[in-house]
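Chemist: Build me a model from this:
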Amino acid sequence: MVSSIANSLGFGSGLDVKQLVTDLSNASRDPKIKRMAELTQTNQTRISALAQARSDLDGFANSLGQMVADGTLRSTPTVSDESILSATSRAGLSADSFAATVVVTQLARAQTNYSAVVADRTAAIGAGTMTLTVGGVAKTITIDATNNSLDGLANAINASGAGVTASIIADEGGQRLILKGPTGDVGAFTLTADAGADPGLTAFSTGGGMTVGQTAANAEFTIDGVAFSRASNIIDDVVPGMSLTLKKAAPGQGVDIGASRPLDMLKQTVGDFVSVYNQLKKSLVNASNVSGAGSSLRELERELGSLVNKVLSSHGTINKLSDIGISTTKEGLLSVDNAKLDKVLASDAGAVEALFNPRRDATHTETSDPGIAFALDAIRDKAVGTNGAIDRVSKSLDAKKENLADQLEKIEERESAYKKRLEKQYGTLEAKLAAFKATQTYLEQQIKLWSNQGND
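Modeler: A predicted model of the protein is given here:
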């Protein structure tokens, strides 16, 4: 019988067993692998289309929310004399009707006290306790062997949490301790040495040892003749939607404040909203068609489409996107009637602004006046949240991706086993054919020998 090496190489029978096994195994494997590659690529295309749709939805919601947050769509305050006061806008400013005159008679200020000059800030000043009282709240300041110095006293006051700041400044001949409280009448404070404290601590009492730099006072101002008093020079709670910063007192000098509407930006935003919405719509349609998850993503498309007629503000007549000229085409895209938009902006720009930049106060809440950004966020959060439209499709595609990978691995395992069976079967066949061939050769030789003998 031929050797095993000859058998394995097909030498014994003359057959190319190795190539035959390769061809047969490839004929079985290649169509299956090709089909799995096609299915995997199709599923990956679906995943990519869904990811693009989600990215477009996120980008749409985030960019619109950012425009509202940074005040791009917000009315801008106007001030006739910014050397006296300045103003910034907050959500809720009504530009169409707001105008007022402010007179600043007094700025809010903080109480300050300063000590006599101390030659050495690290030298002992006396041990004992002191009481620091701010707005009726008392804090105990303890000076002992660990902090018996001007530095130690300043650090103890700062660490007390009383709201009084202690600083040490250089002065001729040494340093002074300066105390500064919060602004406003409520920031007035006292620092007194307690009974039993070393006499040296009385030098840092506000009632005798320290000098008053200035007394605490509230800001005093009027708006259209109505008097107001506040502890801070930043006033957030008087004019709806506007924050005032008082800069200097100017008794008798009125400052006119008002607001201007960003009409061009509002009109541009309406156009941008329509354009980005349409891009998102196309992404969703593509993802729906490619992924085969039509029902889930059509649910999201319907919710987005409902934004056109959703009540977004508490305005009586202009509270929906359809009220400012936005409508839905037969293809499901949005279009804007610029003539209608211009007319609404001319008659009630504040109502248009409220759709994108809603007022926020006691009566204008996210429920009564959600605004387009809040409404869009709600749709996005629902879609990507657990069991939302995008979440369901995403999980389905991910599960299919894993299933296809498992199928591919099993196909490779089966085809590898099949090739090994072929190698074994054709190896055995090769050995038998080689044996048959050897027998044939022997017989042919014998017959030839017998024939030769008969001729003799």
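
Chemist: how about the closest residue to T133 other than its chain neighbours, secondary structure?
Modeler: Excluding its sequence neighbours, the residue lying closest to T133 (CB to CB, 6 or more residues apart in numbering) is T190, at 5.0 Å. C-betas here are computed from N, CA, C, even on glycine. Assigned with DSSP: H, G, I helix; E, B strand; the rest coil, T190 falls in the strand class.

Chemist: Am I right that T190 is in contact with G207?
Modeler: Yes: the criterion here is CB atoms under 8 Å, and T190 meets it with G207 at 6.6 Å.

Chemist: Neighbour count for the two, which is higher?
Modeler: T190 (15 against 11; other CB atoms under 10 Å).

Chemist: Okay, strands next: where are they in the stretch 151-300 of the chain?
Modeler: Here the stretch 151-300 of the chain has its strands, by DSSP state E, counting those that start in this stretch, at 165-171, 174-183, 189-193, 211-214, 219-223, 226-230, 234-235, 242-246, 255-260.

Chemist: where does the stretch 201-350 of the chain have low pLDDT?
Modeler: Flagging of the stretch 201-350 of the chain using pLDDT under 70 yields the residue ranges 290-296.

Chemist: Please report the distance of D323 from D348.
Modeler: 10 Å (CB to CB, to the nearest Å).

Chemist: ugh, wrong one, D30
Modeler: Note on D30: its distance to D348, by CB to CB, is 70 Å.

Chemist: now A108
Modeler: Distance from A108 to D348, by CB to CB: 38 Å.

Chemist: So for these two, which residue has more residues nearby?
Modeler: Neighbours per residue (other CB under 10 Å) separate A108 from D348, with A108 holding more: 23 against 17.

Chemist: I figured that one was touching V186, is that so?
Modeler: No: A108 is not in contact with V186 according to CB under 8 Å; the separation is 10.4 Å.

Chemist: tell me, what's touching these two both at once?
Modeler: Applying CB atoms under 8 Å, 6 or more residues apart in numbering, one finds that A108 and V186 are jointly contacted by A231.

Chemist: mind listing the strands for the stretch 1-150 of the chain?
Modeler: According to DSSP E, counting those that start in this stretch, the strands that the stretch 1-150 of the chain contains are 76-79, 85-89, 99-106, 110-114, 128-134, 137-143.

Chemist: what distance separates the shortest one from the centre of its chain?
Modeler: Using CA atoms, centre = their mean, to the nearest Å, the distance from the centre of strand 76-79 to the centre of the chain it belongs to is 30 Å.

Chemist: In contact with the residue positioned nearest the centre of the chain, which residues?
Modeler: Centroid check for the chain by CA atoms, centre = their mean gives N62 as the closest residue, at 7.7 Å. Residues near N62 by CB under 8 Å, 6+ apart: none.

Chemist: Start the count at 635 instead of 1 going forward.
Modeler: All right, first residue 635 from here; so that's N696.
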